[in-house]
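*Asks:* can you look at this prediction? I've put the sequence above it.
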Amino acid sequence: MAKEFLINKWRLWFRVLDVKGTGQYSREDEAQDEARYARLSHLDPEHKEEVVEALRGLMDEYYFRGKQGPIYEQEFVDMNNDDFKADKGKFEERMKKCFETGYKIFETNGDGMITKDAFQKAYFAYGHKNLELVNKLFQSYNPVDDKVPVKTIADSWVLFTTNEDSSVRDVVREALEAGL
């Protein structure tokens, strides 16, 4: 079983999706987020279909986990805790794949880097509209020419979702606790 510190981080993680604060994330919420991202990113119809399909696949595998939805906060925490206590190594690999896959969707030009603009659009699409907090998180990755490697961002989320040591600096936790 995960330590309470990590369980609390999973609750914060769930709230990244549940920006309305309802305690659940539904397929309707997912569809709204996908449509908002496509609109903000000015995706052409063909690319929009690819992105939406990739986002749905990500959500199905790592969030809904085959359920039709909605998914509730405690259910989300319990699923993560079950996987974590079954095999911490596999859980970490799963999180690595989740976040590498997710952030590659938002990486628009194929260079393995996420621009500040793409980062902002991804967070805005999921209802996180506080530009100051979004930019603060982006800056914590030490961007060069307003770009950050996908791997850097993904690794920070893997740390956030798997690390039980509260003494380790965690930029994602800091951002979410600040209200992102």
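*Replies:* Good, I have the coordinates.

*Asks:* so what's Trp157 closest to, chain neighbours aside?
*Replies:* Once flanking residues are discounted, Trp157 sits nearest to Phe99: 4.1 Å by C-beta to C-beta, 6 or more residues apart in numbering. No exception for glycine: its C-beta is placed from N, CA and C like everyone else's.

*Asks:* what about that neighbour, distance to Leu6?
*Replies:* Applying C-beta to C-beta, to the nearest Å, the value for Phe99 to Leu6 is 16 Å.

*Asks:* can you report phi and psi for the residue nearest to Trp157?
*Replies:* phi -80, psi -30 (degrees, to the nearest 10).

*Asks:* just checking, it touches Ala154?
*Replies:* Yes. Under the criterion of C-beta atoms under 8 Å, Phe99 makes contact with Ala154 at 3.9 Å.

*Asks:* have a look at these two and say which one is more surrounded.
*Replies:* Phe99 (24 against 21; other C-beta atoms under 10 Å).

*Asks:* so who does the more buried one touch?
*Replies:* For Phe99, the contact set (C-beta atoms under 8 Å, 6 or more residues apart in numbering) comprises 153-155, 157-158, 161.

*Asks:* repeat that for Val134.
*Replies:* Val134 sits next to 119-120, 123-124, 128, 180 when contact means C-beta under 8 Å, 6+ apart.

*Asks:* between the two ends of stretch 17-31, how far is it?
*Replies:* Stretch 17-31 stretches 12 Å from its first residue to its last (C-alpha to C-alpha, to the nearest Å).

*Asks:* from the contacts of Phe99, list the buried ones, please.
*Replies:* Among the contacts of Phe99, the ones that count as buried by 16 or more other C-beta atoms under 10 Å are 153-154, 157-158, 161.

*Asks:* possible to save those as CSV with pLDDT?
*Replies:* Formatted as CSV, these follow (pLDDT from 0 to 100):
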residue, pLDDT
Ile153, 96
Ala154, 95
Trp157, 96
Val158, 97
Thr161, 96
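
*Asks:* could you pull out the helices in the chain for me?
*Replies:* Secondary structure of the chain (DSSP state H): helices at 4-17, 27-40, 45-59, 73-86, 88-106, 116-125, 131-139, 150-162, 171-177.

*Asks:* how about those helices in TSV, adding distance to Gly66?
*Replies:* TSV is the format used below for the helices of the chain (distance: least, C-beta to C-beta, whole Å):
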stretch	distance to Gly66
helix 4-17	17
helix 27-40	13
helix 45-59	11
helix 73-86	10
helix 88-106	14
helix 116-125	24
helix 131-139	30
helix 150-162	19
helix 171-177	26
